[in-house]
Structures are given as C-alpha cells and as structure tokens.
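> 3D, please:
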Amino acid sequence: MTVESIRPGTGPRPEPELREPPVAGGGVPLLGHGWRLARDPLAYMAALRDHGDVVRIRLGPKTVYAVTDPELTGALALSPDYHIAGPLWESLEGLLGKEGVATANGPLHRRQRRTIQPAFRLDAIPAYGPIMEEEAHALTERWQPGQTVDATSESFRVAVRVAARCLLRGQYMDERAERLCVALATVFRGMYRRMVVPLGPLYRLPLPANRAFNNALADLHRLVDEIVAERRASGRKPDDLLTALLEAKDDNGDPIGEQEIHDQVVAILTPGSETIASTIMWLLQALADHPEHADRIRDEVEAVTGGRPVAFEDVRRLTHTGNVIVEAMRLRPAVWVLTRRAVAETELGGYRIPAGADIIYSPYAIQRDPKSYDGNLEFDPDRWLPERAKNVPKYAMKPFSVGNRKCPSDHFSMAQLTLITAALAARYRFEQVAGSNDAVRVGITLRPHDLLVRPVAR
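The predicted structure is shown next:
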C-alpha cells in the first residue's frame, strides 16, 4: 500500500445517502391530505411544487409520494422500477378490469400491446381517414347557426362514433353514445372520490350516490357485452381491432379469455372516448374564448384546401390547428393525475422510494409550471412553433405519455381532433351562451362543467 493510496479523497467515494422526501403540511386525522385533494385538487397538486421535487402526502391511511418535477415524471414513466398501479388504477379497476391493456403489467401487457398496436400504426391511420372526415363534417351539418349546442353530449357522440366505426366497425352509434356519456359522467366522478378518500366499506352502503355509481358502472359493462355479442352473432370478421381481439391467442396458443376480450373493449371505448370527448369540449371553449385563433384556423384551412372540405390528407399541413390542440391539452389536459407503484426500493431525484410505495403526479400541474413556461397560464398556441417549442423542458408536455405506457392511439387521436377542429372552425365562429358553465369539473378526467355554445355562420 502506498501513501497515495490512502490519501483522503483518492479512494472509492461512498454512495450519497438518499434523503426522505418532505411531508406536505395540512393533513388531518383519518383522511390525511385526501380532504384537500378532494376539495381543490388542481390547486393542491400545483402547490406541492413549492415543497420540493418529491413530497410525501397521505391519502387515508396510505403514504403517497407526489412528484412535481417534469424530468422526474419522465424518469418515472420510463423506468421498469415502477408499474401501473396505485390509487388511480385501483379506483379504475371496477371499470377497466384487471385484464385490459390499460391496467395490465409485465408480459401480459406486452402481449396485449402486440395485439392492438397494428390498429394504431402510423401507416394504418389513413384507412380511418374517410370515417373521421365523414364524422367531422356531419357535425357541421347537424349543428345549425344560432342553435345552442350541448358540448358534452355532442363531444361524446362524435368520439364514440369514430371509435366504434374505425376500431369496432359497429353500427351502435347515437343511442349508445348517449348511454356512455351519462354513465361515464357518474362513474368517473365516483372513481375520483374513491381514489382521494379511500373509505372502502362506506362505498358499499346502499346510499343514493353509491347506487347511482353502481348502476352506471353496470350499464357500461352491459354496453360492452352488447357490442361483443352482436359481432359474434353477425359472423362478420372485418379487419378491425375487435376481430383481432376475438382471434387473439395467449402465450400458450389458446384463445384469450372472455374477460380479457371484455376488458380490452372497455379500454377502447371508455377511457379513449372520455379523453377525446373532454378534449373536444375544451377546444370548443378555446374557439369561443379566443376567436382570433379560430379565425387563424379558418384561414389556414382555406389556404391548404383552396375552399374544398378539409380532408384527412390535409392534417399534416394544418400546423396552427395542431398547435391550438396541443395548447388546449396543455392548459386543460383530460388526464390530469396519474399514479404508479414502485416494484422495488429505488431512488428518484436523490430521494429514497421504498418498495411498494405509491407515486402520484399531475400532468395538469406539470404543464402549467411557471418554471417550464413563460406566460404559463396564457393560451398561446404559438409557443409550439419549432423555434419556441425547443425551450420547453423535455417532459413538461407529454399528453400521450412516454415509454411502454405511451398511449398507442396518439396519431389516431391527433388526426381525429385536427379534422374536427378544422371542419368546425372553417364553417363557424363559436360563442358561449347564457347558462353555460365552463368551470372545470374534476373527476378522473377534467372537462367543462356544462359547456353550451352557439355556432355562428362565417
């Protein structure tokens, strides 16, 4: 051993000791921080950034780790040390089940992704173009100038029709879209309550709110059973996602089970329709509240199409339209909260995360953080121009997530939203009418409370 080998600072450096995240203040006995999250969830999640990049909160008896830094949410989404689980997914299992792609983990999730991914490949999307065009232009024909439009029901109707016609090739349209709209509003509110205030046995009592929740949930599952039964009875095998599910095999080469088929159709129809419908509502609000951008969309559509009806082939050239959509999703993301669970003890941002810990983070809070965005609360679609978008931190805006949990329908959804927005803005200006309430209604997703708009012919 030499003198040099024992000099201070020349040997192996010890691993830095991991810190315990700070605990947020304001908890109360039994409910923890859940009462604050239930009372004003958006403000509460945004305020957590002032306490650190990772903060401990309590939801009922559980300690939950809240992540507020965009880079750490990206690491969370990309790391195999965290699975889809936690309070959000536990509350959603009554709707989505445990065998669908939305809630599965590990090998089951990978197999399911392989089954559904072909339907959402970039080269598969143009085949859906004619249906998307037809549904977008049908809205412009159905909505009459001067008549009040119930944005909630109309947004759900078009979202369900596009999903059903493109992915399930079904003729179960308006009536079932209405059922889905009514049921999802009740179910998603009830699931949010169960997430933030986990008082398990109380939710089984025969109270009016519990009965309404259970009835709505049952109707959603009946709707899915009807769709699968009708396809089987028809004997048809169109080249769509439902046929792929009915013919899918498990890892042993056997047909997948009925429950998995059911859960997969639920995952196609319900979360997708809910998030797309919510985004359409926020876009209608944006067109009404920011007519200057609605006019720019109209001008862009005319420049691209030369006056003909907007078509799927135009989507890539409608850049300002796309920027308006992205900015609406930034300020009013349909999915505002996500949870994960640590599968082993790990580290996040220098903090120790124990095995089995639940983690929660809010895209809503991340996407409005003044550290990431100049004019963070302003509606500014031009922030997504290439020369400005490069200044946004990498994980400060990922509306379709990243990694193996990235939404497989991202291109499908953006094409649909672009066509609908372009078709509507090219034909109408919009204004909110008396009785409209565009305040945020918080459930598992965000949507306007009761948005009513009037189309005005251009």
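> quick check, pLDDT for residue 454.
Residue 454 carries a pLDDT score of 98 in this model.
> so is it in a helix, a strand, or just coil?
strand (DSSP: H, G, I helix; E, B strand; the rest coil).
> residue 262 reaches residue 226, doesn't it?
No. Assessed by C-beta atoms under 8 Å, residue 262 is found out of contact with residue 226, at 11.3 Å. Bear in mind the C-beta positions are built from the backbone N, C-alpha and C, glycine included.
> more neighbours, those two?
Ranked by neighbour count (other C-beta atoms under 10 Å), residue 262 and residue 226 place residue 262 first, with 19 against 14.
> so what's that one closest to, chain neighbours aside?
In space, and not counting its chain neighbours, residue 262 is closest to residue 224: 5.8 Å by C-beta to C-beta, 6 or more residues apart in numbering.
> checking my notes, that neighbour in a helix, right?
Yes. Looking at residue 224 with three-state DSSP, it is inside a helix.
> could you give the number of residues near it?
Number of residues near residue 224 (other C-beta under 10 Å) recorded here: 21.
> give me the distance between it and residue 395.
Distance of residue 224 to residue 395, computed by C-beta to C-beta, to the nearest Å: 34 Å.
> what do you get for residue 370?
Residue 370 is 16 Å from residue 395, by C-beta to C-beta.
> in terms of neighbours, single out the busier of those two.
Taking neighbours as other C-beta under 10 Å, residue 370 and residue 395 compare with residue 395 leading, 21 against 11.
> the more buried one in helix, strand or coil?
Classification of residue 395 using three-state DSSP returns coil.
> show residues contacting stretch 211-228.
If you take C-beta atoms under 8 Å, 6 or more residues apart in numbering as the criterion, stretch 211-228 is touched by 94-95, 164, 168, 170, 172, 176, 179-180, 182-184, 186-187, 190, 203, 242, 246, 261-262, 265-266, 269-270.
> which among those residues end up buried?
Those of those that meet the buried threshold are 94-95, 164, 168, 170, 172, 176, 179-180, 183-184, 186-187, 190, 203, 242, 261-262, 265-266, 269-270, by 16 or more other C-beta atoms under 10 Å.
> show me the residues you listed that map onto strands.
Nothing among these maps onto strands, per DSSP state E.
> can you tell me which of those are in helices?
Among the buried ones among the contacts of stretch 211-228, the residues falling in helices (DSSP state H) are 94-95, 164, 176, 179-180, 183-184, 186-187, 190, 242, 261-262, 265-266, 269-270.
> just name the shakiest helix or strand of this protein by mean pLDDT.
In the chain, the helix or strand scored least confidently by mean pLDDT, DSSP states H and E is helix 87-96, which has a mean of 65.
> next helix or strand past that helix?
Where DSSP states H and E defines the elements, the next helix or strand beyond helix 87-96 is helix 106-116.
> which residues belonging to that next one are considered buried?
For helix 106-116, the neighbour count (16+ other C-beta under 10 Å) marks 108, 109, 111, 112, 113, 115, 116 as buried.
> residues in contact with that helix?
For helix 106-116, using C-beta under 8 Å, 6+ apart, the contacting residues are 83-84, 99-101, 104, 241, 244-245, 248, 250-251, 260, 264, 268, 404, 408.
> ditto for stretch 47-54
By C-beta under 8 Å, 6+ apart, the residues outside stretch 47-54 that reach it are 21-22, 24, 55, 57, 65-69, 72, 348-349, 351, 353, 365, 369, 371.
> quick one: mean pLDDT for it?
Mean per-residue pLDDT for stretch 47-54: 93.
> next one, pLDDT for residue 16 please.
Model confidence at residue 16, given as pLDDT, is 65.
> okay, the residue most central in space within the chain: pLDDT?
Nearest residue to the geometric centre of the chain (C-alpha atoms, centre = their mean): residue 335, 3.7 Å. According to the prediction, residue 335 has pLDDT 91.
> before we move on, what about the one 3 residues further on?
Residue 338 is assigned 88 on the pLDDT scale.
> just grab the bridge partners of it for me.
When bridges are called by DSSP bridges, residue 338 pairs up with residue 361.
> quick one: neighbours of it, just the number.
20.
> list the contacts for it?
88, 360, 361, 362, 363, 401.
> find the pair from the residues you listed with maximum spatial separation.
Farthest apart among these by C-beta to C-beta are 360 and 401. That separation is 14.7 Å.
> neighbour count for those two, which is higher?
Using other C-beta under 10 Å as the criterion, residue 360 and residue 401 rank with residue 360 on top: 23 against 18.
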